[in-house]
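>>> Output the structure for:
(2 chains)
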There are 2 protein chains.
Amino acid sequence: MDCMHHANDILLTLFIVFVAAQVGGEIAQRLKLPGVVGEIAAGCVVGPSLLGWIAPDQIASGTPLDVLAEIGVVLLLFSVGLETRLEDLKKVGKTALLVGVIGVLVPFGMGTLWAHGSGFDWDKSMFVAAAFVATSAGITARVLQELGALQRVESRVILGAAVIDDILAMLLLGVVVSLQGGGGIHPGNLLLVLCEAAGFIALVGWGGARVMRWNSSWLDKPRHAQSPLLIALALCLGLAYVSTLLGLAAIIGAFLAGMVASETRQQHLLEQQVQPLLALLTPFFFVVTGSKIDLHELASAEALWTLLIVTVIAIVAKLVGGGLGALSLGRRGAAIVGFGMVPRGEVGVVIASLGLAAGVFDNRVYAIIVAMSLLTAIVTPPVLARLLRPPTPDTPPAA
Amino acid sequence: MDCMHHANDILLTLFIVFVAAQVGGEIAQRLKLPGVVGEIAAGCVVGPSLLGWIAPDQIASGTPLDVLAEIGVVLLLFSVGLETRLEDLKKVGKTALLVGVIGVLVPFGMGTLWAHGSGFDWDKSMFVAAAFVATSAGITARVLQELGALQRVESRVILGAAVIDDILAMLLLGVVVSLQGGGGIHPGNLLLVLCEAAGFIALVGWGGARVMRWNSSWLDKPRHAQSPLLIALALCLGLAYVSTLLGLAAIIGAFLAGMVASETRQQHLLEQQVQPLLALLTPFFFVVTGSKIDLHELASAEALWTLLIVTVIAIVAKLVGGGLGALSLGRRGAAIVGFGMVPRGEVGVVIASLGLAAGVFDNRVYAIIVAMSLLTAIVTPPVLARLLRPPTPDTPPAA
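Below you'll find the model as predicted:
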């Protein structure tokens, strides 16, 4: 009898989201696409623009579905961190830095030029361009995980670069937001923010990993078999929160928590235990992401045309920027890294919402930027899968 | 960067709830109390009445925390169902029916008498009494699970009786609500509801179990290692929803889904996989339950006195009613079953909210009924633990 008076709707919604994800994932796999593409597409189908089984106010910020999606992506990045060793990341540090920096500058430049060419003034153009910048590590990470490719050098470059990318995007957003207000830029403040973020990452990633490598037997002591998991989850939620306090993505903190936990003796147990959590919760992230695509705003030839151009610019810019940074990995490696940095996912959506709220652009531009963010997320996985799958398509199987 | 603009608060709250549960659970275990008592107490401490780290509007119906709590208790009952075989339940069917029926009638009678004695008219007294009736299986189930006692005959009686209890309480609530409106009672409607509920349970519990026992190899076919879990979770969410459609608790559907899944070849795998889910999500249920206790409304000698009387009536009535029904299990068995049926938990809270909304009683009576519901939940686990733990205190260890 408990909760029968309010739980009906939410239970039905949970059921719909969960089943839609499974059906979408299954269909995608039969079409030889990564499951995540199917889950995002399923979200688009059950979302407000098509079937309407999920109402727009159910996926707004701070709703239960939105929070479940957030927990899902936090856990996903935690599990990716669990499979990432600090040692391995260090080896690719220089390449990741190059990919991160060039991968932010090129899209920002190209985005600004396009927006200015479409009639925005320079200040607003930079705001629009900010939505072109930040990579969403979640989608790429899931594809790399599905393909069992997290141990490849390209994957480590992508994950390292995604962290750097995130710091730069945050700074850039700070700059363009203060430009809109007409206020000047405070280089001192920006530097402070940059130092805080870098200090946090260094402290947690490097210091935490050292502590754990030194001694993690205390994780075994408390109550029961799930104890290491309980402590790791607390660490994950805590660092995710601290991360947002510093203006970084919650997923950066979760990723760091996973990296710290990967240095413990209980790493393999944790990897096993986190699987059911991912199975239950990550579908919410991908389905909710897909359900945010508003197809109605795009139902004109002109809008579709603009969307096509914007998406191509977003893909090419990141591919060129990321690829240039990763040239040291060879042509194929550079292509993998470049494509790995393409998905904007929810990051572009957040920036677009800010722009809409600030009156920088209207509903149509908003819908186009959101759709671009999600299209880059849908386009990437099949390409990455093809690039990463052995046997390589460059080599004929008989040769 | 994603979600940094709204996720801060909710991530902090998730962290607080999760850590509070672990700390409370750990302290309780050191005091030789079941962990769940510590989790509920921790909720009371971090909740609005003491520390206020959780705001009242964060635990209102339909908020993310409330939904996480609901998912937590649904998964908990699913896991209890996983450890329950239909065959075993059938063996205790008659006793469970007796416990369920007498365990509803005695508290309803005593509650009505007390309320009428306190100055309510008969119609309203029956509404108040309805809050005395419904057992919350969640808390007892968790204690039985913590003590590894789910296979005992008393546990099966309690779980069977909780299902019957829930159907009767739902019917009773239907009756008293229609009495308040001044409308007559429609025996036809009530019978229809009763038949629907019984039919649903029989169909799922009996039919589903047969299908699964006959063949469950198809669970292994789809995508990856988590497939049986994914299908079982979909079944769990789906049946939980259907359950609410029929006016039953969501947890009844979840319990049935678990029972169906317990007949599959993958039962042991599922039991393992569901553990991390419980570790993450059930703390939300118990902490949120605890945080709903409003200590301010109880800050007078008179209120405390009334609370004491109401709580004693609630405990004694259920103990007598449930115990009488289970006399066939011997004195100790009857006591275990009686105490197992005592917790009202969130069920009483829901009925109290309805009463408040309908103007049947004021804020103080509301707070008392809510506090009674939760007190019964806090009092039960240590008693049950003592009754269930070997060596039995009846026997001196040296004898």
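>>> Every contact and neighbour count from this point should use C-alpha atoms.
Noted.
>>> Now do the same contact list for A:Leu194.
By C-alpha atoms under 8 Å, 6 or more residues apart in numbering or on different chains, A:Leu194 lies in contact with A:Ile167, A:Leu171.
>>> Look up phi and psi at it.
Here is the backbone geometry of A:Leu194 (degrees, to the nearest 10): phi -60, psi -40.
>>> Same check on A:Phe108?
Torsion angles, degrees, to the nearest 10, at A:Phe108: phi -60, psi -40.
>>> check contacts around it.
A:Met126, A:Ala129, A:Ala130, A:Phe132, A:Val133.
>>> ok, it to A:Phe361 distance?
Distance of A:Phe108 to A:Phe361, given as C-alpha to C-alpha, to the nearest Å: 17 Å.
>>> just A:Val67 next, same as before
Distance check for A:Val67 against A:Phe361: by C-alpha to C-alpha, it reads 27 Å.
>>> ditto for A:Arg85
Going from A:Arg85 to A:Phe361 by C-alpha to C-alpha gives 42 Å.
>>> Run a quick neighbour tally on whichever residue of the stretch 151-300 of chain A sits closest to chain B.
In the stretch 151-300 of chain A, the residue that lies nearest chain B is A:Ala249 (3.8 Å; C-alpha to the nearest C-alpha). Using other C-alpha atoms under 10 Å in any protein chain shown, A:Ala249 has 28 neighbouring residues.
>>> that older thread, closest to A:Val312 among the contacts of A:Phe108?
Nearest to A:Val312 out of the contacts of A:Phe108 is A:Phe132 (C-alpha to C-alpha; 11.1 Å).
>>> List the contacts of the spatially closest residue to A:Ala134 that is not a sequence neighbour.
Once flanking residues are discounted, A:Ala134 sits nearest to A:Ala169: 5.6 Å by C-alpha to C-alpha, 6 or more residues apart in numbering or on different chains. Neighbouring residues of A:Ala169 by C-alpha under 8 Å, 6+ apart: A:Val104, A:Ala130, A:Val133, A:Ala134, B:Met1.
>>> Now name the helix or strand holding A:Ala169.
Using DSSP states H and E, A:Ala169 sits in helix A:153-180.
>>> Can you mark which positions in that helix are buried?
Using 16 or more other C-alpha atoms under 10 Å in any protein chain shown as the test for burial, helix A:153-180 gives A:153-177, A:179-180.
>>> Could you measure from A:Ala234 over to B:Phe200?
The gap separating A:Ala234 from B:Phe200 is 39 Å, by C-alpha to C-alpha.
>>> Could you do A:Leu150 as well?
46 Å.
>>> related to what we said a few turns ago, more neighbours: which of A:Val67 and A:Phe361?
Counted by other C-alpha under 10 Å, A:Val67 and A:Phe361 do not tie: A:Val67 has more neighbours, with 27 against 19.
>>> next structured bit after the helix or strand bottoming out on mean pLDDT in chain A?
Here the helix or strand of chain A ranked lowest by mean pLDDT, DSSP states H and E is helix A:345-357, holding a mean of 71. Using DSSP H and E, the helix or strand that follows helix A:345-357 in sequence is helix A:363-388.
>>> So A:Leu164 is in contact with A:Gly103, correct?
No Leu there; residue A:164 is Ile. No - judged on C-alpha atoms under 8 Å, A:Ile164 makes no contact with A:Gly103 at a distance of 9.9 Å.
>>> What does A:Phe132 show for phi and psi?
The phi/psi pair for A:Phe132 (degrees, to the nearest 10) is phi -90, psi -10.
>>> Quick check: it vs A:Met341, distance?
Where A:Met341 is concerned, A:Phe132 sits at a distance of 11 Å (C-alpha to C-alpha).
>>> Kindly report the same for A:Leu105.
13 Å.
>>> Check A:Ala240 too.
22 Å.
>>> swap in A:Val46?
The gap separating A:Val46 from A:Met341 is 28 Å, by C-alpha to C-alpha.
>>> Those two: which has the busier surroundings?
Shown here are A:Val46 and A:Met341; by other C-alpha under 10 Å, A:Met341 has more neighbours (34 against 22).
>>> Need the three-state assignment for the closest residue to the more buried one other than its chain neighbours.
The spatially closest residue to A:Met341, leaving aside those adjacent along the chain, is A:Thr135, at 5.6 Å (C-alpha to C-alpha, 6+ apart). Here A:Thr135 is coil, with the state taken from DSSP: H, G, I helix; E, B strand; the rest coil.
>>> how about the nearest residue to A:Gly321, chain neighbours excluded?
Setting aside the residues directly before and after it, A:Gly321 is nearest to A:Gly103 in space (C-alpha to C-alpha, 6+ apart), at 4.1 Å.
>>> and that neighbour, what element?
Element membership for A:Gly103, per DSSP H and E: helix A:93-117.
>>> Quick one: mean pLDDT over that helix.
Average pLDDT, helix A:93-117: 91.
>>> If you count neighbours, what's buried in that helix?
Along helix A:93-117, these residues count as buried under the neighbour rule (16+ other C-alpha under 10 Å): A:94-116.
>>> now stretch A:155-163, how far from the chain's geometric center?
Its chain's C-alpha centre and that of stretch A:155-163 lie 12 Å apart, by C-alpha atoms, centre = their mean, to the nearest Å.
>>> and the angle from the helix or strand that contains A:Leu280 to helix B:267-291?
Secondary structure assigned from DSSP H and E places A:Leu280 in helix A:267-291. Helix A:267-291 and helix B:267-291 are oriented at 70 degrees to each other (axes from the mean of the first three to the mean of the last three C-alpha atoms, to 10 degrees).
>>> and the helix or strand that helix A:267-291 is followed by, how far out from the chain's middle?
Counting by DSSP H and E, the element after helix A:267-291 in chain order, helix or strand, is helix A:301-325. Helix A:301-325 has its C-alpha centroid displaced from the chain centroid by 18 Å (C-alpha atoms, centre = their mean).
>>> got it, and stretch A:64-71?
Here stretch A:64-71 shows a centroid-to-chain-centroid distance of 15 Å under the convention C-alpha atoms, centre = their mean.
>>> With stretch A:128-135 instead?
13 Å.
>>> what about the stretch 51-200 of chain A, any weak spots by pLDDT?
The stretch 51-200 of chain A contains residues with pLDDT under 70 at A:174, A:177-186.
>>> Where does it get nearest to chain B, which residue?
Closest point on the stretch 51-200 of chain A to chain B, by C-alpha to the nearest C-alpha, is A:Pro64, at 4.1 Å.
>>> correct me, but that residue touches B:Pro64?
Yes - between A:Pro64 and B:Pro64 there is a contact at 4.1 Å, judged by C-alpha under 8 Å.
>>> what's in contact with the host helix or strand of A:Gly333?
A:Gly333 belongs to helix A:330-340 when assigned by DSSP H and E. For helix A:330-340, the external contacting residues (C-alpha under 8 Å, 6+ apart) are A:140, A:154-155, A:157-158, A:315, A:318-328, A:380, A:383-384, A:387-388.
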